[in-house]
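A.B. asks: would you be able to build a 3D model of this:
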Amino acid sequence: MSRAGPYDPEALEVIERDGKPVTVRVKKQRLKVSGIVNTWRIDEEWWRKPISRLYFLLALENGMRLTVFLDLKKGGWYRQNWIGH
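C.D. replies: Residues are numbered from 1 along each chain as shown. Modelled structure (predicted):
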């Protein structure tokens, strides 16, 4: 069985209101979202299985920024780990 790499999405606990994240759990700590910096949607990528995701770049109460997405095909929230983070 293949394991996820360091930049693969990881499941994340998110509390949402009206479809937008308001609280996330990061490293066993629950943090409030102080603002949504950006949102975007990706519906397909031709070089692998089709995906449908709604992304949010979040500003958290501790000053950290975090990219999360809602998987619109399978459901569930994930943290997106990017190179350079």
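A.B. asks: show me which strand runs longest in the protein.
C.D. replies: strand 29-42 (DSSP state E).
A.B. asks: so the residue most central in space within the chain is in which element?
C.D. replies: Centroid check for the chain by CA atoms, centre = their mean gives residue 68 as the closest residue, at 1.3 Å. Element membership for residue 68 (DSSP states H and E) is strand 65-71.
A.B. asks: who does that strand pair up with?
C.D. replies: Looking at strand 65-71 with DSSP bridges, its paired strands and their directions are strand 53-60 (antiparallel), strand 77-79 (antiparallel).
A.B. asks: and it, which residues are buried?
C.D. replies: Buried residues in strand 65-71, counted by 16 or more other CB atoms under 10 Å: 66, 67, 68, 69, 70. Yep, even glycine has a C-beta here, placed from its N, CA and C like the rest.
A.B. asks: quick one: average confidence on the longest strand of the chain?
C.D. replies: Here strand 29-42 scores 96 as its mean pLDDT.
A.B. asks: shaky segments in the protein?
C.D. replies: 1-7, 46, 82-85 (pLDDT under 70).
A.B. asks: try it again at 50.
C.D. replies: 1-2, 84-85 (pLDDT under 50).
A.B. asks: report the contact partners of residue 45.
C.D. replies: Neighbouring residues of residue 45 by CB atoms under 8 Å, 6 or more residues apart in numbering: residue 51.
A.B. asks: mind checking what secondary structure it has?
C.D. replies: Three-state call for residue 45 (DSSP: H, G, I helix; E, B strand; the rest coil): coil.
A.B. asks: what lies in contact with stretch 66-85?
C.D. replies: So stretch 66-85 is in contact with 6-14, 16, 19, 21, 24, 26, 50-58, 60, going by CB under 8 Å, 6+ apart.
A.B. asks: mind checking how far it is from the chain centre?
C.D. replies: Centroid separation for stretch 66-85 versus its chain: 3 Å, with CA atoms, centre = their mean, to the nearest Å.
A.B. asks: start at 502 instead
C.D. replies: Yep, numbering from 502; the last one is stretch 567-586 now.
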